[in-house]
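Trainee: missing the sequence, but the structure's below:
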């Protein structure tokens with residue numbers, strides 16, 4: 001049974017870190033397109049939307065909001081998006097961690113390895 005736009009989140013828990021799918025944008029989307037998709041997702045899956053609670057309980061709705069925020073935090077940041085893309089491609093070969101925490105940590109490592117301008 002398809003329950004509208006919420007169906008994909010209920011049926012596919014493995015897409016947790018497929019940020020492109022969460023925001024419904026292509027991998028070639030610009031930052032502007034990603035920002036627009038994020039705002040649309042926030043409205044569609046808002047806690048203010050009563051239809052959300054016909055499909056999800058409160059904790060699931062909160063998790064959905066967190067997924068949307070994570071997707072934008074990664075795809076809306078060029079550094080994190082680059083790291084995400086590299087790890088996503090590597091998943092064909094190894095079990096790469098695509099969590100936002102791992103991506104941010106990799107971003108910090110990337111910055112710490114950069115030569116200083118002093």
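Mentor: It's in. All of these numbers come straight from a predicted model, not from anything done at the bench. Numbering: from 1, shown residues only.
Trainee: residues near the nearest residue to residue 46 once chain neighbours are set aside, how many?
Mentor: What sits nearest to residue 46 in space, not counting adjacent residues and going by C-beta to C-beta, 6 or more residues apart in numbering, is residue 52, at 7.1 Å. Heads up, the C-betas are built off the backbone N, CA and C, glycines and all. Close neighbours of residue 52, defined as other C-beta atoms under 10 Å, add up to 19.
Trainee: quick check: residue 52 touching residue 45?
Mentor: Yes: counting by C-beta atoms under 8 Å, residue 52 does reach residue 45; the two are 6.1 Å apart.
Trainee: now the chain, which segments are flagged as low pLDDT?
Mentor: 1-17, 91-99, 106-118 (pLDDT under 70).
Trainee: repeat the analysis, applying 80 as the threshold.
Mentor: 1-17, 47-59, 61, 89-118 (pLDDT under 80).
Trainee: sketch out the strands for it, chain order is fine.
Mentor: In the chain, no strands are defined using DSSP state E.
Trainee: for it, which helix is longest?
Mentor: Selection of the longest helix in the chain by residue count, based on DSSP state H, yields helix 58-75.
Trainee: could you list the buried residues of that helix?
Mentor: 61, 64-65, 67-68, 70-72, 74-75 (16 or more other C-beta atoms under 10 Å).
Trainee: which among the residues you listed gets closest to residue 23?
Mentor: residue 71 (4.9 Å; C-beta to C-beta).
Trainee: hang on, that closest one packs against residue 25?
Mentor: No: look at residue 71 against residue 25 with C-beta under 8 Å: they stay out of range, at 9.0 Å.
Trainee: thought residue 80 was touching residue 104, still the case?
Mentor: Yes: counting by C-beta under 8 Å, residue 104 touches residue 80, with 6.8 Å between them.
Trainee: the two: which is more packed in?
Mentor: Taking neighbours as other C-beta under 10 Å, residue 104 and residue 80 compare with residue 80 leading, 19 against 16.
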